[in-house]
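[1] here you go, sequence then predicted model.
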Amino acid sequence: MSERQVTLAAVAGAHGVGGEVRLKLFAEGLDSLKRHKAFFADGRALTLKSVRPGGGGAIARFAEICDRNAAEGLRGTVLTVSRSALPPLAPGEYYHADLIGLPCVTAGGRLLGTAVLVENFGAGDIVEIERQDGSRFMVPVKPAIEIEAERLVVDEAFAE
């Protein structure tokens, strides 16, 4: 499992007595989970048997989790897939995970910091950039950031 992993959900707790778990979703809905047959969870593979809407997230059943105790044992565990398992993107699209860790520079090449988080509060994606001194600031992707292969170029007006 040396390839970069992308988190799609986290186990919020057990659901019922049969081993189902409640999931907090970080992906775009149930379909993004259903397309994967297996997830990595703390170094082991979990095989997805079923997933359905529930509790503001999802309710899932994994082949390896057979009772409530095992389900409770997963509380707080993140469920990941290999980056290569994600569907291809159309031009102009990106995965948040692909932006995190990229250096952020101005058009003139001045280093601003590193992208550490991507949020969306409903009006579009916002990148949180951490400066070398540890302080952080946020910049909207549109209209302020140009996404390149190995870096994010931030409009000067948003650089401070």
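    Looks like it arrived, so ask away. Numbers count the residues shown, from 1 in each chain.
[2] helix/strand/coil for the closest residue to Ala14 other than its chain neighbours?
    The shortest distance from Ala14 to any residue other than its chain neighbours is 3.7 Å, reached at Ala71 (Cβ to Cβ, 6 or more residues apart in numbering). In short, each C-beta sits where N, CA and C put it, glycine included. Assigned by DSSP: H, G, I helix; E, B strand; the rest coil, the conformation of Ala71 is helix.
[3] quick check: Ala71 vs Leu30, distance?
    19 Å (Cβ to Cβ, to the nearest Å).
[4] quick one: list the elements packing against the helix or strand of the chain with the lowest mean pLDDT.
    Lowest on mean pLDDT, DSSP states H and E among the helices and strands of the chain sits helix 30-34, with a mean of 88. Helix 30-34 sits against strand 5-15, strand 20-25, strand 44-54, strand 57-62, with contacts defined as 3 or more Cβ pairs under 8 Å, 6 or more residues apart in numbering; DSSP states H and E.
[5] the third one to strand 20-25, inter-axis angle?
    When you say that, I think you mean strand 44-54. 80 degrees (axes from the mean of the first three to the mean of the last three Cα atoms, to 10 degrees).
[6] please export the C-alpha coordinates of strand 44-54 as CSV.
    Taking Å, rounded to 0.1, in the frame of the first residue of the first chain, the C-alpha atoms of strand 44-54 are listed here in CSV:
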residue,chain,number,x,y,z
ARG,A,44,-6.2,-3.9,6.7
ALA,A,45,-8.6,-4.3,3.8
LEU,A,46,-12.4,-4.2,4.4
THR,A,47,-14.7,-5.6,1.7
LEU,A,48,-17.9,-3.5,1.2
LYS,A,49,-21.0,-5.7,1.2
SER,A,50,-23.6,-2.9,1.2
VAL,A,51,-24.1,0.8,1.8
ARG,A,52,-27.2,2.9,2.2
PRO,A,53,-28.1,6.4,3.4
GLY,A,54,-28.5,6.9,7.1
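[7] show me what contacts the closest residue to Ser82 other than its chain neighbours?
    Take Ser82 and drop its neighbours on the chain: the residue closest to it by Cβ to Cβ, 6+ apart is Glu3, 4.6 Å away. Residues in contact with Glu3 (Cβ atoms under 8 Å, 6 or more residues apart in numbering) are Ser82, Arg83, Ser84.
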